[in-house]
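In: I need the structure of the sequence given here:
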Amino acid sequence: MYPVAQLPSNQPVPAKSLLPLCVDLDGTLIRTDLLLESLLLMVRQSFLSLFWLPFWILAGKAALKQRLAQRVSFDPAAIPYNQDLVEWIREQKLLGRHTVLATASNRLLAAKVSAYLGCFDEVLGSDETVNLSGDTKRAALVAKFGERGFDYVGNSRKDLSIWAGCADCIVVHASKPTLAHARKIGSVTRVFPKPRTKLKTWLRALRVHQWVKNLLVCIPLFTSHRLSDLTAIKNVAILFCAFSACASVIYIVNDLLDLPADRAHTTKSSRPFASGELSILQGCLLGLVFSVIAVALALYLPPSAQFVLACYFVLTSLYSVWLKRKLILDVLVLATLYTIRIFAGGAAAHIKISGWLITFSLFFFLSLAICKRSSELMNLLKANKTRTSGRFYETSDLEPLNICGISSGMLACLIILLYESSQQAQLLYATPQLLFLLCPLLFYWISRLWVLTFRGVLKEDPILFAVHDRVSYAVSFAMAIIVGLAAFVRIPLERFLQ
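Out: So this is what the prediction gives:
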């Protein structure tokens, strides 16, 4: 519950003739839209409910809002508010004004917001038959308070007709054309300026920093020693871009579906959609644009690569809406998604992926996926919490998770050791025995990662940690030198190994 603002002792109490203050909800009081929030909540709670959506839409917008409000579990504390406006409304209420929450959102949801904030005397909202928006809202307010008998707080072009019929206009986060129009038709007495959306915010929404994970599509080129094949390099470059666009779409969808969980999280609450820096509608449009980009790029790929990319999209979508909340299955899916990138790289370059590489990839990335979950639980322990929001893990799961994660990492080291003496390594490398040196390096890197996880140093994503970690770069550089020497330099080690 918000704290009750106090009126300064030297502030004169105004006359009781102050006009009622009517406040819009969506985009004004809150930095989101409750209709879209309700729709996302319904998808999250019951994906099959979407099949009813066309019938509700045919019944009208008011009926749609009513059905959604009745079916979703809505927490008014889990949405972003325009804090400066909330405090101003509290000040106005303490001055003796009658405050009204007048919204096109359903009355059931608006009442929860009003009860949570505790700064409204009355709630006017849509019901099953009336969509209280635009001219309909103006008619209701004029009928209740009279023409020019109220002040109105709004944000969009739909509020222009209401501003034309009120006494004072208070404009919140409106676009420049809307603000200019409001000044022409009414008396704008206060403006809450719209924060500028920076390019950095859009890039954060796209998770551009996560694109580094898609470099895994290049692995088949390196392991097959095909770095001089220009056609393969071109296809893999296109695949990287297609994967990055596709991944951004999935991240946007995931963030939109995970809004309540992200808002309850210590660091994820600052994400663009969770914090309200970007709207849900902007997220949908951004996702649509990058979906078109991903499809356009995929058209230039071989059919087998297109198929793998489609499989990645389907599996990631299932992960976002369902599998991410399944114990242990979620980390298995994450490890599989990393491995699919390697498969896609092979398909784009027409390279057959060996069983050794697939097995190593699965165990290695399974260790990293479990490490990510363990890091989240370690952070929960620091915050004196016991369970993750939106996941099925508890802090008591740390011990078995750590055992599984460390074991998977050690198995990845063992696979390299076994591969070094395999027939395939003998054919592909000039000095395959040098690959043995990869084992201690990988053992060191994985062990260090897990130690840092236990210390709480890891910030929930081991791959992004490695991108900013100097030791990881040094280990990667050393491993690259070893692989290069093993591939192209013939060293007569047999005489020393006898």
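In: Residue 417: how many residues sit nearby?
Out: Around residue 417 there are 13 other residues, counting by other C-beta atoms under 10 Å. Where C-beta positions appear, they are placed from N, C-alpha and C, glycine not excepted.
In: what sits up against the host helix or strand of it?
Out: Assigned by DSSP states H and E, residue 417 belongs to helix 398-420. Residues from elsewhere that reach helix 398-420 (C-beta atoms under 8 Å, 6 or more residues apart in numbering): 356, 359-360, 363-364, 366-367, 370-371, 373-374, 377-378, 381, 393, 425, 432-433, 435-436, 438-439, 442-443, 446-447, 449-450, 454.
In: C-terminal to the host helix or strand of residue 102, which secondary structure element comes first?
Out: With secondary structure defined by DSSP H and E, residue 102 is part of strand 99-106. Downstream of strand 99-106, the next assigned helix or strand under DSSP H and E is helix 107-117.
In: so what does the strand holding residue 102 touch, helix or strand wise?
Out: strand 21-23, helix 34-45, helix 61-71, helix 83-94, helix 107-117, strand 122-126, helix 135-145 (3 or more C-beta pairs under 8 Å, 6 or more residues apart in numbering; DSSP states H and E).
In: Tell me the buried residues in whichever helix or strand comes after the helix holding residue 417?
Out: Downstream of helix 398-420, the next assigned helix or strand under DSSP H and E is helix 423-428. Applying a neighbour-count criterion of 16 or more other C-beta atoms under 10 Å, the buried positions in helix 423-428 are residue 425.
In: Report the distance from the following helix or strand past helix 423-428 to the chain centre.
Out: Heading C-terminal from helix 423-428, the first helix or strand you meet, by DSSP H and E, is helix 438-455. Relative to its parent chain, helix 438-455 has a centroid offset of 29 Å by C-alpha atoms, centre = their mean, to the nearest Å.
In: again with stretch 225-239
Out: With C-alpha atoms, centre = their mean, you get 31 Å for stretch 225-239.
In: again, but for stretch 43-52
Out: Put simply, stretch 43-52 sits 20 Å off its chain's centre (C-alpha atoms, centre = their mean).
In: Can you get me the start-to-end distance on it?
Out: Start-to-end span of stretch 43-52 (C-alpha to C-alpha, to the nearest Å) is 11 Å.
In: avg pLDDT for it?
Out: Throughout stretch 43-52, pLDDT has a mean value of 77.
In: Can you list the buried residues in that stretch?
Out: 43, 44, 49.
In: care to break the protein down by domain?
Out: 21-192, 199-497 (automatic domain parsing).
In: Look at the shortest one and report the distance between its end residues.
Out: As for domain 21-192, its first-to-last residue distance stands at 16 Å under the measure C-alpha to C-alpha.
In: Lowest average confidence across the domains of the chain, which one?
Out: Across the domains of the chain, domain 199-497 gives the lowest mean pLDDT, at a mean of 89.
In: How about the spatially most central residue of the chain: what's its closest non-neighbour residue?
Out: Nearest residue to the geometric centre of the chain (C-alpha atoms, centre = their mean): residue 255, 2.5 Å. The shortest distance from residue 255 to any residue other than its chain neighbours is 4.9 Å, reached at residue 273 (C-beta to C-beta, 6 or more residues apart in numbering).
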